[in-house]
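[1] quick one: sequence and predicted model below, then my questions.
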Amino acid sequence: MTHTPLIVGLDVDGAGSHPAAATVAGLSPADLVGAARLARTVRQAENAGVTFATFADALLPAVAGSPASARLDAVTRAAFVARTTTAIGLVPQVATTYPEPFHVAAQLASLDIAATGRGGWLAATTTTPETASAYGRDPVPDLGREARDVVQVVRDLWDSWEDDAVIRDVATGRYVDRDRLHHVDFVGEAFSVKGPLITPRPPQGQLVVLAASGEVAPSARDERLVDVALVGGDDVASARTAARGATGAGPDGAALAVVDLEVVLDADGRTAATRLRELDAATPAGARTGWGGGPLRYSGDAAGLAGLLAELAASGDVAGVRLLPALLDADLPALVSDVLPALRAARLTAAPRAGATLRDTLGLPRPANRYDTRPRAGGRHTLPTTATA
């Protein structure tokens, strides 16, 4: 398995990762959900060589009644920029806790089709009882088990169409070969789902699944459910330790470990410390206090951040980082102009290639379809010369 020396992800949600970002930036709710701003941000990230962008999401605002919490559905935003980009991976956050798994599978498969194989899924859990109430459900008692079952059935549904199921036989008027469609009939501990999906198998076969380390319980089938584990830490050493633990052997180990890194940089003629004090002072009541508390955190100049990333890249346990800029409009330009070019010059990272899938970029193989039992010749399926229905 190979991958670029250092995977670089970027969260592009709203005004930034700090809860006061929208307030300090002076962005209106219309600005926060504006299509032009989103497309500009993601193109800027792609042009800078960022590997993938994530789109955070939540059903309820972080601060009740706050216009600064305005956002559109993450899959919708990712699908929109799919047509304005050619290389960057697009990874929306979709909760595993309350949405219907069948709909999640169809939405994400459609995203991968729209993005020509650049789609991913940030599978997240939802802990607030208010979200359960908004869905009209009781709170889920075992979030890890629910996440396991949802990720498992979504993966099953993506395989419910074999790669050559769509035949488009004009002469006979047949669109699909029904022998290449499969009923999933998944029965979990809290729900059941029947297939096949209403959407053909995604271009990648399986979208790349990201999740916070430990949030998805291990598969009961001895199958890897998470491709990329997101880890944090108080310092580089603890982040490396977390990464090493997240990629252990067995079904609970991810293929790659990516460190979440919250960033505030010297920018706009002011030091990072000054900017962070301003953000903390403007944090609205009820929002997360004490920026940090999970991801690794960096506050300082561009050279120091480049050095920290080089230190992480030197570890065989860390495959990459996901940057969480405190204030996108200030920190992203600094990343683009001063940090990422230094990494490329040192050959510590590489830009994704236009036309490559996200799996290609990350060095992850395209998985075989679990329901396709036909014999293989030279590593490929032996397909019939004519399709039948």
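    Perfect, thanks for sending it.
[2] bridged to residue 256, which residues?
    Counting by DSSP bridges, residue 256 is bridged to residue 228.
[3] spatially nearest residue to residue 127, not counting backbone neighbours?
    In space, and not counting its chain neighbours, residue 127 is closest to residue 143: 6.9 Å by CB to CB, 6 or more residues apart in numbering. The way it works is simple: take the backbone N, C-alpha and C, and place the C-beta from them, glycine included.
[4] same check on residue 168?
    residue 175 (6.1 Å).
[5] which SSE is that neighbour in?
    strand 174-176 (DSSP states H and E).
[6] tell me what that strand is packed against?
    If you count contacts as 3 or more CB pairs under 8 Å, 6 or more residues apart in numbering; DSSP states H and E, strand 174-176 packs onto strand 166-169.
[7] quick revisit: got phi/psi on the residue nearest to residue 127?
    Main-chain dihedrals, residue 143, degrees, to the nearest 10: phi -70, psi -40.
[8] what's around it, how many residues?
    18 (other CB atoms under 10 Å).
[9] ok, it - contacts?
    97, 125-127, 215 (CB atoms under 8 Å, 6 or more residues apart in numbering).
[10] most neighbours of all the residues you listed, which one?
    Counting by other CB under 10 Å, top hit in these: residue 126 with 23 neighbours.
[11] in three-state terms, label the closest residue in space to that residue that isn't next to it in sequence for me.
    Leaving out its chain neighbours, the residue that sits closest to residue 126 by CB to CB, 6+ apart is residue 97, at 3.9 Å. Assigned with DSSP: H, G, I helix; E, B strand; the rest coil, residue 97 falls in the coil class.
[12] distance of residue 97 relative to residue 260?
    Look at residue 97 and residue 260: by CB to CB, to the nearest Å, they are 20 Å apart.
[13] cool, and residue 278?
    Separation of residue 278 from residue 260 (CB to CB): 23 Å.
[14] per-residue pLDDT of the residue of the chain most remote from its centre, please?
    When each C-alpha in the chain is compared with the mean C-alpha position (CA atoms, centre = their mean), residue 171 comes out farthest, at 41.4 Å. Per-residue pLDDT puts residue 171 at 87.
[15] what's the answer for residue 377, then?
    For residue 377, the pLDDT comes out at 55.
[16] go on, residue 386?
    So, for residue 386, pLDDT stands at 35.
[17] repeat that for residue 66.
    Residue 66 is given a pLDDT of 69.
[18] for residue 168, same thing?
    88.
[19] report how many residues lie close to it.
    For residue 168, using other CB under 10 Å, the count is 8.
[20] same thing with residue 134?
    Residue 134 - counted by other CB under 10 Å - has 13 other residues nearby.
[21] look up how far residue 101 lies from it.
    From residue 134 to residue 101 the distance is 18 Å (CB to CB).
[22] can you check residue 225 too?
    13 Å.
[23] also residue 43?
    32 Å.
[24] so the two - more neighbours on which side?
    Taking other CB under 10 Å, residue 43 and residue 101 do not tie; residue 101 has more neighbours (22 against 15).
[25] what confidence value was assigned to the more buried one?
    95.
[26] then residue 185?
    On pLDDT, residue 185 comes in at 91.
[27] and it, how many neighbours?
    Around residue 185 there are 10 other residues, counting by other CB under 10 Å.
[28] OK, contacts around residue 26?
    With contact set as CB under 8 Å, 6+ apart, residue 26 has no partners.
[29] tell me how far it lies from residue 104.
    35 Å.
[30] then residue 313?
    From residue 313 to residue 104 the distance is 33 Å (CB to CB).
[31] what does residue 20 give?
    As judged by CB to CB, residue 20 and residue 104 stand 31 Å apart.
[32] so for residue 278 and residue 260, which sits in the more crowded spot?
    Neighbours per residue, other CB under 10 Å: of residue 278 and residue 260, the larger number sits with residue 260, 24 against 15.
[33] thought that one was touching residue 324?
    Yes: counting by CB atoms under 8 Å, residue 260 sits close enough to residue 324 to count as a contact (6.3 Å).
[34] now the contacts of residue 143 as CSV including secondary structure?
    What follows is the contacts of residue 143, written out as CSV (three-state DSSP):
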residue, secondary structure
97, coil
125, coil
126, coil
127, coil
215, coil
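[35] could these go into CSV alongside pLDDT?
    Listed next are these as CSV, based on pLDDT from 0 to 100:
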residue, pLDDT
97, 93
125, 94
126, 90
127, 85
215, 94
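[36] residues contacting residue 259?
    230-233, 239, 242-243, 295-296, 312, 318, 320-322.
[37] so which of these belong to helices?
    Those of those mapping onto helices are 239, 242-243, 312, per DSSP state H.
[38] quick one: low-confidence parts of the protein?
    1-4, 62-68, 249-251, 284-293, 376-389 (pLDDT under 70).
[39] how does it look with 50?
    Low-confidence segments of the chain (pLDDT under 50): 1-3, 289, 291-292, 380, 382-389.
[40] gap between residue 332 and residue 93?
    Going from residue 332 to residue 93 by CB to CB gives 19 Å.
[41] tell me which of these two has more neighbours.
    Neighbours were counted for residue 332 and for residue 93 using other CB under 10 Å; residue 332 has more, 23 against 19.
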